[in-house]
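> Sequence first, predicted coordinates after that:
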Amino acid sequence: MTDPNNTMPSIEPEADTKFSVEEDVDTTNTRSYSQGQLVRRRFLRHKAAMVSMLVLVFIVLLAITSIGYGPIPGWWDKTFIDTYPKIGNGEPTIKLWPPSLGEHPFGQDTTGKDYFALVMRGVQQSLLIAFTVGILATIIGTTIGAIAGFYRGITEAFLMRMTDLFIIIPTLVLAAVLGRMTGGNIYMLAIVLALVSWTGLARLVRGEVLSLREREFVMAARALGTPGPRIIFRHILPNALGTIVVNATLLISSAILIETSLSFLGFGVKAPDTSLGLLVSTYQTALTGRPWLFWIPACSSSCSRCASTSSVTASVTRSIPASRWTEVARHDRKQDLHRGEPGAQVRQPRRPVPDRVRHSPRGQGPDAQRRAR
């Protein structure tokens, strides 16, 4: 349609505008990610989680490579068993500027042992117990909770009453009694702590399974004749991964605290071996005269706990989606909103209210006048 009066401005086509089928396909293509890829991408973008992970990796590498572990040799020339001539009062020789470790970075204890080697050995023992407890307790708690929540009935009643029996017994008391029977063996102590630490995770996993077992994908798997164990481990547990990972990290942190408490009370690791709790217990009286003998192992235990917990828990609410298909659907909906497709759920603006209705006195609006007539 032409404008005879030439009142409409003419729009000149842009010379730089180019159309490319390849670019249009690239911008409209929606890439789907697996659940593992989603977790990895979001975890790497979380700054707090990455910092905590780096701290935890640094502590583990320092503890293993400094004095060595098993067949792994260490770069530190002193051991946690041998005694050495005391230098002064055994003060730490580490210096921040100019950077220098000195002969004994963390000082020496009352018998002349190198305290850096003792603390590194304590970190090794505490982390070994913590990760062993975390892995074993997670396996036990997840299995019992999943079976109880999926099969229900007598199976659920038996497993949950057994869980309640473990819950009502104080964890520290039960661990102390069983730890006394192990005779200070670190591997038996880790197994004992795992056997008393799985109860909370089992109840949480049971609650998640009770919710997920009524979902459509589980009903579809049942209709296809999929066996129960395959449904649990292939379809239900991957969607409960967030709860499992968070509680696994909390189990590792609590295991460090329980092991430190047991060694402090004399029911955990025993001499000639050592742990952080045993060092704190041995040198608690040196807090006023030689405070580094108390504060260095105590701070090492706290740093290990914080790093092991924050490295995963800080980002798990963002990293682990409730369901992979829920995340894919959310991603597709965002892409539709970005492209402005007709099927996208775009929030419509509210219709403006006419001034004659907005400012009319009460009882005198158009509706009131219409009812009066």
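Thanks, I have the structure now. Numbers count the residues shown, from 1 in each chain.
> per-residue confidence averaged over stretch 254-265?
For stretch 254-265, mean pLDDT rounds to 85.
> Sort out which residues of it are buried, please.
Neighbour-count burial for stretch 254-265, counted by 16 or more other CB atoms under 10 Å, picks out Ser254, Ala255, Ile256, Leu257, Ile258, Glu259, Thr260, Ser261, Leu262, Ser263, Phe264. In this view, the C-beta of every residue, glycine as well, is placed from N, C-alpha and C.
> what distance separates it from the middle of the whole chain?
Averaged C-alpha coordinates place stretch 254-265 at 21 Å from its chain's average position (CA atoms, centre = their mean, to the nearest Å).
> ditto for stretch 285-304
Computed by CA atoms, centre = their mean, the chain-centroid distance of stretch 285-304 equals 27 Å.
> what sits against Leu172?
Leu172 makes contact with Ile258, Ser261, Leu262, according to CB atoms under 8 Å, 6 or more residues apart in numbering.
> now Ile244
So Ile244 contacts Thr138, Thr142, Leu201, Val205, Leu237 (CB under 8 Å, 6+ apart).
> Just those: which are in strands?
Using DSSP state E, no member of these sits in strands.
> Farthest-apart pair in the residues you listed, please.
For those, the farthest-apart pair by CB to CB is Leu201 and Leu237; their separation is 12.3 Å.
> Name the residues contacting each of those two.
Residues touching both Leu201 and Leu237 (CB under 8 Å, 6+ apart): Thr142, Ile244.
> Restricted to helices, list the buried residues of stretch 254-265.
Ser254, Ala255, Ile256, Leu257, Ile258, Glu259, Thr260, Ser261, Leu262, Ser263, Phe264 (DSSP state H).
> And for the residue nearest to Leu56 when sequence neighbours are not counted, the neighbour number?
Leaving aside its sequence neighbours, Leu56 sits nearest to Ala307 (CB to CB, 6 or more residues apart in numbering; 3.9 Å). Ala307: 20 surrounding residues under other CB atoms under 10 Å.
> contacting residues around Ala307?
Applying CB under 8 Å, 6+ apart, we find Ala307 in contact with Ser52, Met53, Val55, Leu56, Ile59.
> what helix or strand is it on?
Element membership for Ala307, per DSSP states H and E: helix 292-319.
> now do Val57
Per DSSP H and E: helix 47-67 holds Val57.
> For the nearest residue to Phe294 once chain neighbours are set aside, grab phi and psi.
Spatial nearest neighbour of Phe294, excluding adjacent residues (CB to CB, 6+ apart): Leu287 at 4.7 Å. Dihedral pair for Leu287: phi -70, psi -30, per degrees, to the nearest 10.
> State the number of residues packed around Leu287.
Leu287 has 14 neighbours, counted by other CB under 10 Å.
> Check the burial of Thr110 by counting its neighbours.
For Thr110, the neighbour count with other CB under 10 Å is 12.
> How much space separates it from Thr282?
Distance, Thr110 to Thr282, by CB to CB, to the nearest Å: 9 Å.
> and if you look at Ile154?
Taken as CB to CB, the span from Ile154 to Thr282 is 51 Å.
> Of the two, give the one with the bigger neighbour count.
Neighbours were counted for Ile154 and for Thr282 using other CB under 10 Å; Thr282 has more, 19 against 8.
> give me the low-pLDDT residue ranges for this protein?
Counting by pLDDT under 70, the low-confidence segments of the chain come to 1-36, 39, 311-373.
> Strands of that one, residue ranges please.
For the chain, no strands are identified by DSSP E.
> Could you list the buried residues of the top helix by length along it?
Secondary structure of the chain per DSSP H: the longest helix is helix 115-151. Neighbour counts over helix 115-151 (16+ other CB under 10 Å) mark 115-134, 136-138, 140-150 as buried.
> ok, now stretch 224-242?
Ile231, Ile232, His235, Ile236, Leu237, Asn239, Ala240, Leu241, Gly242.
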